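Trainee: This is a predicted model, with the sequence first.
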Amino acid sequence: MPVVLRVRGYKFWFYMADVAEPPHVHVGKDGNEAKFWLKPVKVAREGRFRPVDLREINN
């Protein structure tokens, strides 16, 4: 899984095999993982992130 960005301790990546879904990116930090749709940008799966963390990722 290629990491495409690292910001404030968050890693952003995609899986090559995720071709059957709309464009999205996975985000991870401290063992938590979320998934964000890209058009429009919104949370697809929250994982174990707190709402405040998801807002930080989304900004």
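Mentor: Looks like it arrived, so ask away.
Trainee: Need the residues that contact stretch 48-59.
Mentor: Outside stretch 48-59, the residues that touch it by CB atoms under 8 Å, 6 or more residues apart in numbering are 8, 10, 27, 29, 31-32, 34, 36, 41-43, 46. Every residue, glycine included, has its C-beta placed from N, CA and C.
Trainee: Let's see that with 10 Å instead.
Mentor: Contact with stretch 48-59 is made by 7-8, 10, 12, 25, 27-34, 36, 41-43, 46-47, as judged by CB atoms under 10 Å, 6 or more residues apart in numbering.
Trainee: Which members of the residues you listed are classed as buried?
Mentor: The neighbour-count test (16 or more other CB atoms under 10 Å) marks 10, 12, 25, 27-29, 34, 36, 43, 47 as buried among the contacts of stretch 48-59.
Trainee: From those residues, which land in helices?
Mentor: Under the assignment DSSP state H, the buried ones among the contacts of stretch 48-59 contribute nothing to helices.
Trainee: Kindly reformat these as JSON lines containing distance to residue 3 and pLDDT.
Mentor: Listed next are these as JSON lines, based on distance: CB to CB, whole Å; pLDDT from 0 to 100:
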{"residue": "10", "distance to residue 3": "10", "pLDDT": "97"}
{"residue": "12", "distance to residue 3": "7", "pLDDT": "97"}
{"residue": "25", "distance to residue 3": "11", "pLDDT": "95"}
{"residue": "27", "distance to residue 3": "11", "pLDDT": "97"}
{"residue": "28", "distance to residue 3": "9", "pLDDT": "97"}
{"residue": "29", "distance to residue 3": "12", "pLDDT": "97"}
{"residue": "34", "distance to residue 3": "15", "pLDDT": "97"}
{"residue": "36", "distance to residue 3": "15", "pLDDT": "96"}
{"residue": "43", "distance to residue 3": "20", "pLDDT": "96"}
{"residue": "47", "distance to residue 3": "17", "pLDDT": "95"}
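Trainee: Now do the strands in this structure.
Mentor: Under the criterion DSSP state E, the chain contains strands at 3-7, 10-13, 24-29, 32-38, 41-45.
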